[in-house]
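Asker: Have a look; sequence and predicted model below, questions after that.
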Amino acid sequence: MSTKTYKKFENAGPGDLPDKMTVYQDCMTTFNESPVNAKRCRILISRLLHLISNGVTFPENEATALFFSISKLFQHQNDALRQTVYLAIKELSGMSEDVLMATSSIMKDVQNGSDLVKPNAIRALTYVLDESTAFSAERLLKSAVVSKHPAISSAALCTAYNLLPVSEATVKRFANEAQEGITDLKQFPSSSYDEGSSLLVGEFYPNSTYMAQYHAIGLIYQLKKGDKMAILKLASHLSENNVLKNQLAKVQVVKLIEDLVNRDPQLFREFQNVLSYWLSSKFEAVQIEVAKLITGLAMRQQRLVSPDLFAICITTMQSLLSVPRVSTRFAVLRILNRIAMVSPERIALCNPELESLINDPNRNISTYAITILLKTGNASNIQTLIARISRFIHDVSDDFKIIIIDAVRTLSLNFPQEWKGIVKFLMDVLKNSEGGFKFKNSIVEAIMDIVSFVPESKELVLENLCDFIEDCEFNEILVRILHLLGKEGPYTSNPSLYVRHIYNRVVLENSIIRSAAVVSLAKFALTKNDPTLKESIVSLLKSISNDKDDEVRDRATIALKLIEFGEKRDDSVANDLIEAKYFYDLPSLESKLNDYLQTNDDQFKTAFDSSAIRRFTEDEVKAIELKRKQEQAFQNTSEKSSAETAAKKGKTETRADNDTFAGASIGEHEEELLSAKYAEELLAIEQFKDYGKLINSSAAVSLTETEAEFVVTGIKHIFKDNIVLQFNITNTLPSVALDNVSVTCTQDDAESSGLEELFTLPIARLLPTEEGACYVSYQKQDELVVGGFMNNLVFTTLDVDTETNEPYPGDEGFQDEYEIDSLYITAGDYITGSFVGNFDAAFDQLPAEETAVFNIQESLSLQEVVDRVVQNSNCLPLNNTQFAPSDANSHVLKLYGKSVLNGKKVALLVKMISSSKGIALKVQGKSEDAELCSDLVNGLM
């Protein structure tokens, strides 16, 4: 290489990478010299590792050459050099060929090397052994695991852990030695580091960190994780005996307990005492992990965690908020943040410490503290919190600002009565704070939510947005605000105020903004609050129709035509286009459009049919959005356990009797598409085409356990004069096919149910792992019919040839049946959630009233009762009443919805009181439909 290249590296800064070819050639030259210069070799290896750690790779031939050149350095007895050699071998083994050639040299060091080199040699074994050679290292690893030197023992345990995917059978043979590694408290030798020095090892660091305990527990868990009883025995032994000296080992045991509790929550009581004791551990990591386990379980299984134990957790975390270590404070804040989303009142004790963290120099911590305080805030201190945020928010980056704005948005949904202070804060930040598109867009999102869900805020917000768009630099945000002005402005007391601001955009902005402004202006032409505006709007649109941009001209021309048609012909289509009253179900629309594009065979001569796509009214759209935002806010901070996630994983909801109001177990979009798919499949069947429009479909309800031989879910489809029960059946038997599969449904009270069974559509054949749908159709005698069905799965079983996956010829099979859970049609199946801004006023205006009282003897919490009521009623919870305070003995739930049959409104006011005898409910319902109100209220529980 040139002198210039060498000189460049000699003068390089600390962050510069050395030249790749220079390092390669120096290594090849220096490593083959005789005698070996140990110091020079260490320097070159460090440069080589620096390159590799920064993503620099070598071709296979160069890497192999380097590997074997480095392996020649095994002849040198310098321990420091041998340590760096092993580091290089580990990095190069993935790029090189024939790495097995170094195995004998490494094993020699494992057997006879010094204590300083042995750990590095043992760790290098992982990278050079394969399944065929792993057994040869068994004896060496066994002796290393039981070594009295803690570094050697830890290295052997780590190597065994990493060898599990390579040769699990070999590692299992020294599981007993790994078990001994937990109880054998190894310490570093107390002899001198060097014979000529009086300095002892113990003066450099403690006699032992007992890290081998942590590594041993991890290895044993991997070997026994499939055996619940073995893990239970291990966790009980380690928690009862005071043998654990390493904090990471204790953390690992807490994780073992968490795994067991997730599998069987009742096991928590067995470990409750030790967990309570470890909350006062001297190790902060142990305290945090225990607090995380207990609080997480309390949010899922409230009855298992006593209030006293939960209070101790909160007190422990409160004290940890004052420690100097940033990582500790951050970990505690994450736990508190999850609790605040479910039970904010339970962490109010920590508010003084949280307020002190607002000015923390670490912005991650200060932002978390702010968001938690906003979630724990109440109507009395919201203004104080917002005032503090106003001083703080301008000094943080956009990422932290967005987190704070999201927390404020959640606050606005929880306390709609405090909208004035929240709107003032948001508008101040929007106008006066510097930031990028994402930040500004998050503020506009929050403001739009307030307009949608707090109707009384509309005029003030729109006026402020009119001022903002005069200086807005983002086209996307301008378009959204113009759309909002066009949507809400015509229904305000003074619509002409917004027309001027919108027209200014036509005059001053680019073509994208002018196009959006034209659409907004057109919506003011049909306003009922100020009919004189129409002439002005028409005049403005006529002047705009001469715009230089074709998109703007086209929109203005179309708007003028629609206004003309709407006036002269009372054209409902024109009115609907200008003032949309219905909104399509977007997942269903997307699916239909895809099918239309892919299956159209007549060059698109057949027009797209949108009549079968479900449409929502504005209040239904608001209800869906509000529910989605509430659930999204909860799910973003609530980390569910792996066992719970696995239990809910699949394409169905959990059972209605134990589900919680946390959304479906799959993504919202996938669930909506799945619902649309079921509806399309149903309507495509010839026997159901005469039933008319599908009014409503329920969510899928599990009728069997997920581990059963046959997994069955039920879906209820409501038509005007019919009800169709759909049973999705999955055959999980590996070598059995099912023929003529059907479900026999027996009504609980057939004489008075008002349902007449018409026919059943069976599944002809269900092969292993396949899913099919069986349908049972009923004729309704009345518009509103409720009742229950006892169900049996009836089928013929046939043995299957595993090679062809087909039944054996001539096998006639035998008849069999399988009992599944009952399926109930309730009044809630005829209701969909609806949004109303003022629940109390809407409740008082409804004419028909029904009252019922229930006494629940089951051992349920208030939150579980709330979840069940919301699930059964299918109404939308308002005013954030879907969360019951965990420390309260009473709660009021407000629900609002409307009939899918006739659109009549229904409201429920549910008052509940918890006592030692159970939970008493008083349900007061009001509706425009007396029959619906009566059935809903009396059949709610």
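Answerer: Thanks, I have the structure now.

Asker: Now do the helix or strand hosting residue 540: which elements does it pack against?
Answerer: In the assignment (DSSP states H and E), residue 540 maps to helix 533-544. With contacts taken as 3 or more C-beta pairs under 8 Å, 6 or more residues apart in numbering; DSSP states H and E, helix 533-544 sits against helix 496-508, helix 511-523, helix 550-568. Every residue, glycine included, has its C-beta placed from N, CA and C.

Asker: Run through who's touching it.
Answerer: Identification of contacts with helix 533-544 by C-beta atoms under 8 Å, 6 or more residues apart in numbering yields 495-496, 499, 503, 506, 514, 518, 521-522, 524-527, 552-553, 556, 559-560, 563, 567.

Asker: try 7 Å this time
Answerer: Contacts to helix 533-544, defined as C-beta atoms under 7 Å, 6 or more residues apart in numbering, come from residues 495-496, 499, 503, 506, 518, 521-522, 524-525, 527, 552, 556, 559-560, 563.

Asker: what pLDDT, on average, does it get?
Answerer: For helix 533-544, mean pLDDT rounds to 85.

Asker: and that helix, which residues are buried?
Answerer: 533, 534, 536, 537, 538, 540, 541, 544 (16 or more other C-beta atoms under 10 Å).

Asker: same question, stretch 761-769
Answerer: For stretch 761-769, burial by neighbour count (16+ other C-beta under 10 Å) applies to 762, 763, 765, 766, 767, 768.

Asker: tell me the phi and psi of the fourth one?
Answerer: To tie it back to what came earlier, the one meant is residue 766. phi -130, psi 100 (degrees, to the nearest 10).

Asker: for the last one, same thing?
Answerer: Comment: the main-chain dihedrals of residue 768 come out as phi -50, psi 140, following degrees, to the nearest 10.

Asker: contacting residues around it?
Answerer: Per C-beta under 7 Å, 6+ apart, neighbours of residue 768: 731, 733, 734, 735, 736, 737, 800, 805.

Asker: what's the closest non-adjacent residue to the last one?
Answerer: The reference is to residue 805. residue 767 (6.1 Å; C-beta to C-beta, 6 or more residues apart in numbering).

Asker: The first one too?
Answerer: The shortest distance from residue 731 to any residue that is not its chain neighbour, by C-beta to C-beta, 6+ apart, is 4.7 Å, and that residue is residue 766.

Asker: what pairs with the one you found across the strands?
Answerer: residue 738 (DSSP bridges).

Asker: Who does the strand or helix carrying residue 854 pair with, and is each partner parallel or antiparallel?
Answerer: Element membership for residue 854 (DSSP H and E) is strand 848-856. Sheet partners assigned to strand 848-856 using DSSP bridges are listed as strand 918-927 (antiparallel).

Asker: and the next element down the chain from the partner strand?
Answerer: Sequence-wise, the next helix or strand downstream of strand 918-927 (DSSP H and E) is helix 930-938.

Asker: quick revisit: which residues touch the strand holding residue 854?
Answerer: With C-beta under 7 Å, 6+ apart, strand 848-856 has contacts from 865, 918-930, 933-934, 937-938, 941.

Asker: got it, and stretch 832-842?
Answerer: 454-455, 619-620, 622-623, 626-627, 696, 874-876, 878-879, 894, 896-898, 900, 905, 907.

Asker: Could you measure from residue 455 over to residue 464?
Answerer: Distance, residue 455 to residue 464, using C-beta to C-beta, to the nearest Å: 16 Å.

Asker: Quick one: neighbours of the residue lying closest to residue 79 once chain neighbours are set aside, just the number.
Answerer: Spatial nearest neighbour of residue 79, excluding adjacent residues (C-beta to C-beta, 6+ apart): residue 116 at 4.7 Å. Neighbour count for residue 116, taken as other C-beta atoms under 10 Å: 13.

Asker: Residue 248 now?
Answerer: 20.

Asker: Touching, it and residue 213? I think so.
Answerer: No - Residue 248 sits out of contact with residue 213 when judged by C-beta atoms under 7 Å, with a separation of 8.2 Å.

Asker: The helix holding residue 540 vs helix 496-508, what angle?
Answerer: Taking axes from the mean of the first three to the mean of the last three C-alpha atoms, to 10 degrees, helix 533-544 and helix 496-508 form an angle of 0 degrees between their directions.

Asker: Of the buried residues of stretch 761-769, just say which sits nearest to residue 160.
Answerer: residue 768 (38.7 Å; C-beta to C-beta).

Asker: Next one: the closest one from residue 795, what distance?
Answerer: Residue 768 is 13 Å from residue 795, by C-beta to C-beta.

Asker: Also residue 116?
Answerer: Residue 116 sits 70 Å away from residue 795, taking C-beta to C-beta as the criterion.

Asker: Residue 125 and residue 867, how far apart?
Answerer: In terms of C-beta to C-beta, residue 125 sits 53 Å off from residue 867.

Asker: Please apply the same query to residue 812.
Answerer: 48 Å.

Asker: Pick out whichever of those two has more residues nearby.
Answerer: More crowded of residue 812 and residue 867, by other C-beta under 10 Å: residue 867, with 20 against 8.

Asker: Are we agreed that residue 711 is in a strand?
Answerer: Yes - using DSSP: H, G, I helix; E, B strand; the rest coil, the assignment for residue 711 is a strand.

Asker: Correct me if wrong: it contacts residue 703.
Answerer: No - counting by C-beta under 7 Å, residue 711 does not reach residue 703; the two are 8.8 Å apart.

Asker: Near the residue lying closest to residue 317 once chain neighbours are set aside, how many other residues are there?
Answerer: Leaving out its chain neighbours, the residue that sits closest to residue 317 by C-beta to C-beta, 6+ apart is residue 332, at 4.8 Å. Residue neighbour count, defined by other C-beta under 10 Å, stands at 26 for residue 332.

Asker: Repeat that for residue 447.
Answerer: 26.

Asker: Quick check: it is in a strand.
Answerer: No - read with three-state DSSP, residue 447 is helix and lies in no strand.

Asker: what about it, distance to residue 818?
Answerer: Taking C-beta to C-beta, one finds residue 447 at 55 Å from residue 818.

Asker: same question, residue 498
Answerer: Where residue 818 is concerned, residue 498 sits at a distance of 63 Å (C-beta to C-beta).

Asker: This completes my enquiry, with thanks.
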